[in-house]
Every structure is written in structure tokens, then in C-alpha cells.
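Visitor: Quick check, what structure comes out for this input:
(2 chains)
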There are 2 protein chains.
Amino acid sequence: MLFVTSNEGKFEEARSILDVELQRKGLEIEEMQAVEIEKVVRHKVNEAYERVEEPVIVEDTGLFIEDWNGLPGALTKFFLEKLGNEKICQILDEERKSSAETCVAYKDKENTKIFKGVVKGKIAEEPKGEGFGWDPIFVPKGHERTFGEMTTEEKNRLSMRNKALSKVRAYLSDD
Amino acid sequence: MLFVTSNEGKFEEARSILDVELQRKGLEIEEMQAVEIEKVVRHKVNEAYERVEEPVIVEDTGLFIEDWNGLPGALTKFFLEKLGNEKICQILDEERKSSAETCVAYKDKENTKIFKGVVKGKIAEEPKGEGFGWDPIFVPKGHERTFGEMTTEEKNRLSMRNKALSKVRAYLSDD
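Guide: Numbers count the residues shown, from 1 in each chain, chains lettered A, B, ... in the order given. This is a model prediction of the structure:
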């Protein structure tokens, strides 16, 4: 199976969770404009399958701020690029509830399936810790620390990507 | 020449400004994800030209909040959809400077050209007046009222779309 991603870290995480032979493939695919991650991965997996013509997965992950009615979602990367973590923490008021969501889309000759993993939590008052993207500003529910303050293992155990990939694993082993 | 847009109002505005025979064509074109409007129209006009194979224009318009480093830009429609005008006014603090930008992309067999129209201004403290999209929250520089409080004529005379289309007109009449 192919995982179309340019992100080596995401690929390694998927390979450690999925019980199949997985190869990484970088493909330039134009992502569609949408807030909903499900829409973005559905579009992307169709584009990817058309090019590779074999079983393929793609994934996308984003942050959904409840008080912002789900923004930025699939547009999170633009918020990071333009505002950065510190500014995102600042412009939110009291209401900081949010959720982190990964969708993995799988496509083969017969089927297209979307697998979703969600972690509820909140946006921190200020960035803390290291890590990728918005790791330093997301505090998962039931925890005091941001993803950025956790070890990679600890974060991966909790993560929305793990949840989504575990569903993919279950689906593939059902075949 | 074709104007690929699903928006009848935009088409009428273009027809009144451009000195050419203009026809409207609705095409389902996936817009690329970007904040910069220039990127979005460049991608869109290429897609459009590939399908219609005759001289074509497309346009996109967005709101760039200075303190947000240019967000939401081409993503403005998602801010409107998810937050709405009232919420956008609320989440900004003191610094409300912004600009409204239209890019029109033109493509024929030989050339691809981008024409930009910018109106500086600010986001109102609260929505005022009627009108399309974010008209009720944008106050152009040197004015006290929002686009939504102006007559269509008054707004069109000032507008970023008018500025961009006037440049298209000048370019086409140079041929």
C-alpha cells in the first residue's frame, strides 16, 4: 500500500501502526479549499488514486476551535504560517475549547473509506514545549501539558493520528 | 471573452467596465488552498483555459487583516461561513487595519496576466448596513461608512474590483 505524503514523520508513525507493507510516495497534489478535513482527504485520495492506480492512503490533520465554529480545521497550516502559535493563543478569549482531528482516506479499486480520529482539548494560554506545528498550543483533555511538552511516545499514544490509523488497521485486517 | 464565475453580480459589474463582448460561463473549478489571491486566480485561470480554450478571465476577492499578517485573504469565504461578520468584528482588538483585494486573471493562447485592485481600510467595530458578504464590516480609508452602508454605485466606484477591472480594460485596449 502507498501512503502519499511528503512528511517522513507521519509516514513512520503510520508504518509503526499499520500491519501492512507501506511505502511512502511524494506527489504534488493540489489540496482543495475547505475547513472540513473529510472533504480535503476525500478529494486528495481520489487524485492520488488516479495517478498511482493501486491501494493508497492520504491523511490530513487540523485544529477545530469550538468557539470559532470549527475554524481553522483543514486551514490550520495557514493560521500557523500567518499568525503563528503565540498569536493564535492571544486572539482567543476565555473560551478555548477545541479538538484535534485527523482523517485518513483509503482508496482501492472498489472502495473509498474515511477514518477519523478526534482528540478533545483546549488551546493553551501560551505556547509551551517543542514539537511540530501546533503541538505547543494544544492541551488534550484530562492533561495539563501541551502535546509539545510530552515525549513523542506519550503524544503518539494519545494522538488523533493514532486513533485514525488504528481504525485503518482494523479495517484492513477485516479483509 | 469568457468570464468564468457563478456570480451574476460580479459578471454584470465586469460587463459594465470592460469594453469587450463578455459572456458568463459557470464551471466547477476546484480552488486551490492559499491565502494569496494571486495564487488562487493563477491556478484557476489555467484550469479554466484548459477547458474552454479561448480568452478567459476569472476573479477572486478577499479581505486582508494587517494584524493577522494577511489572513484570511482568499480564505475569507470560510471566515464568513464559520464566524460571520459579527464575530469577525469581535475577535479583532484595537488594530483593525485591513485591505480589500481583487485579482483578475486573464489568459489567452499567448499570455497570462494578473491585475490587482486594492482598497485600504479597516474592519468596523460592528456590522452596519446591508450588502454582499463582508460589505457590512469593511470601511474604506477616508470614509466613515461601511461598503454595506453605501449605494451600489458608490461602492462600485470605490471598489477593489473596479480597480482591477479597469486595469484589464486598459490592457485589452492596448492590443
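Visitor: Could you find the closest non-adjacent residue to the residue nearest the centre of chain A?
Guide: Most central residue of chain A, judged by C-alpha distance to the mean C-alpha position with CA atoms, centre = their mean, is A:Thr61 at 2.2 Å. Setting aside the residues directly before and after it, A:Thr61 is nearest to A:Thr102 in space (CB to CB, 6 or more residues apart in numbering or on different chains), at 4.4 Å. Where C-beta positions appear, they are placed from N, C-alpha and C, glycine not excepted.
Visitor: Find the helix or strand that the one you found is a member of.
Guide: Assigned by DSSP states H and E, A:Thr102 falls within strand A:97-107.
Visitor: now could you export just the CA positions of that strand as PDB?
Guide: The C-alpha trace of strand A:97-107 is given here as PDB (Å, rounded to 0.1, in the frame of the first residue of the first chain):
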ATOM      1  CA  LYS A  97     -12.200  24.500  23.800                       C
ATOM      2  CA  SER A  98     -11.100  22.800  20.600                       C
ATOM      3  CA  SER A  99     -10.400  19.500  19.100                       C
ATOM      4  CA  ALA A 100      -7.700  18.000  17.000                       C
ATOM      5  CA  GLU A 101      -8.800  15.800  14.200                       C
ATOM      6  CA  THR A 102      -7.100  13.500  11.700                       C
ATOM      7  CA  CYS A 103      -8.800  11.900   8.700                       C
ATOM      8  CA  VAL A 104      -7.100   9.200   6.800                       C
ATOM      9  CA  ALA A 105      -8.600   8.300   3.500                       C
ATOM     10  CA  TYR A 106      -8.100   4.900   1.900                       C
ATOM     11  CA  LYS A 107      -8.900   4.000  -1.700                       C
END
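Visitor: right, and the helix or strand after that strand?
Guide: Using DSSP H and E, the helix or strand that directly follows strand A:97-107 along the chain is strand A:112-123.
Visitor: So for the strand holding A:Thr102, what gets flagged as buried?
Guide: With burial defined by 16 or more other CB atoms under 10 Å in any protein chain shown, the residues of strand A:97-107 counted as buried are A:Ser98, A:Ser99, A:Ala100, A:Glu101, A:Thr102, A:Cys103, A:Val104, A:Ala105, A:Tyr106, A:Lys107.
Visitor: Please render these as JSON lines that adds distance to A:Val168 to the earlier fields.
Guide: Shown next, in JSON lines, are those (distance: CB to CB, whole Å):
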{"residue": "A:Ser98", "distance to A:Val168": "24"}
{"residue": "A:Ser99", "distance to A:Val168": "20"}
{"residue": "A:Ala100", "distance to A:Val168": "17"}
{"residue": "A:Glu101", "distance to A:Val168": "15"}
{"residue": "A:Thr102", "distance to A:Val168": "10"}
{"residue": "A:Cys103", "distance to A:Val168": "11"}
{"residue": "A:Val104", "distance to A:Val168": "5"}
{"residue": "A:Ala105", "distance to A:Val168": "9"}
{"residue": "A:Tyr106", "distance to A:Val168": "6"}
{"residue": "A:Lys107", "distance to A:Val168": "12"}
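Visitor: Kindly indicate which of those lies nearest A:Gly148.
Guide: Distances from A:Gly148 to those, taken as CB to CB, are shortest for A:Ala100 (12.6 Å).
Visitor: now the closest one, which residues is it bridged with?
Guide: With beta bridges defined as DSSP bridges, A:Ala100 has these partners: A:Leu63, A:Val119.
Visitor: List the contacts of it.
Guide: With contacts defined as CB atoms under 8 Å, 6 or more residues apart in numbering or on different chains, A:Ala100 is in contact with A:Thr61, A:Gly62, A:Leu63, A:Phe64, A:Val118, A:Val119, A:Gly121, A:Phe138, A:Pro140, A:Ser159, A:Met160.
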